[in-house]
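1. Structure, please.
(one chain, ligands or ions: 1)
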Amino acid sequence: MALKTLRPRLQPIKTKAVNDTHQPKSRWGHGRGGRPWRRKRDEIFLRDKYTCQNCGRVGGELELDHIVNVAKGGTEADSNLQTLCKSPCHAEKTHRESQEI
Ligand SMILES: [Zn+2]
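-> Next comes the predicted model:
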C-alpha cells in the first residue's frame, strides 16, 4: 500500500513516455544500435570525412552528436547531426548539456 503514495510523483515521467509513443516517426532514431541509427551514423561520418567537427581529429572513436540536443527540440535531420570524437569532445558536450538542463 505504501507504493500507492509514490505513484503521483512518478506521473510526469510516465506522461512523457506516453507522448513519445504517439509520435512513432520521431522514435526511430532513439534506439541506439538499431539499424537506421547505425546507417545514419555512417552517413554523417562519411559526410564529415570521419573528422571530429570540434577539434578536427580524424578517425579514432567517433560518435554521432546532435548539435541541438534532442531534449531541447533538436531533430534527427542531417543538418542537426555532426561527428565528434568520443572523448573529450562528445563527452564534454554531453556533460555541458546535462548541466544546462
Ligand atoms: Zn574532438
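2. contacts, neighbours, all on C-alpha from now
-> OK.
3. So which bits of this structure are right by the ion?
-> C52, C55, C85, C89 (C-alpha under 5 Å from the ion).
4. ok, for the second one, nearest residue in space, not its chain neighbours?
-> Which is C55. For C55, ignoring the flanking residues on the chain, the nearest one in space by C-alpha to C-alpha, 6 or more residues apart in numbering is C89 at 7.3 Å.
5. The one you found should be in a helix, yeah?
-> Yes: secondary structure of C89 (DSSP: H, G, I helix; E, B strand; the rest coil): part of a helix.
6. circling back: can you flag which of the residues of the chain next to the ion belong to strands?
-> In strands, judged by DSSP state E, the following of those are found: C85.
7. State the mean pLDDT of stretch 82-101.
-> For stretch 82-101, mean pLDDT is 93.
8. still on that earlier bit, the residue nearest to C55 against G56, yeah?
-> No: if you go by C-alpha atoms under 8 Å, C89 and G56 don't touch, sitting 10.2 Å apart.
9. Using PDB, write down the CA coordinates of the helix or strand where Q82 lies.
-> Assigned by DSSP states H and E, Q82 belongs to strand 81-85. Output in PDB follows, covering the C-alpha atoms of strand 81-85 (Å, rounded to 0.1, in the frame of the first residue of the first chain):
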ATOM      1  CA  LEU A  81      24.000  15.900 -36.700                       C
ATOM      2  CA  GLN A  82      27.700  16.100 -36.600                       C
ATOM      3  CA  THR A  83      30.700  13.900 -36.000                       C
ATOM      4  CA  LEU A  84      32.500  14.300 -32.700                       C
ATOM      5  CA  CYS A  85      35.300  12.200 -31.200                       C
END
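10. Kind regards, and thank you for your time.
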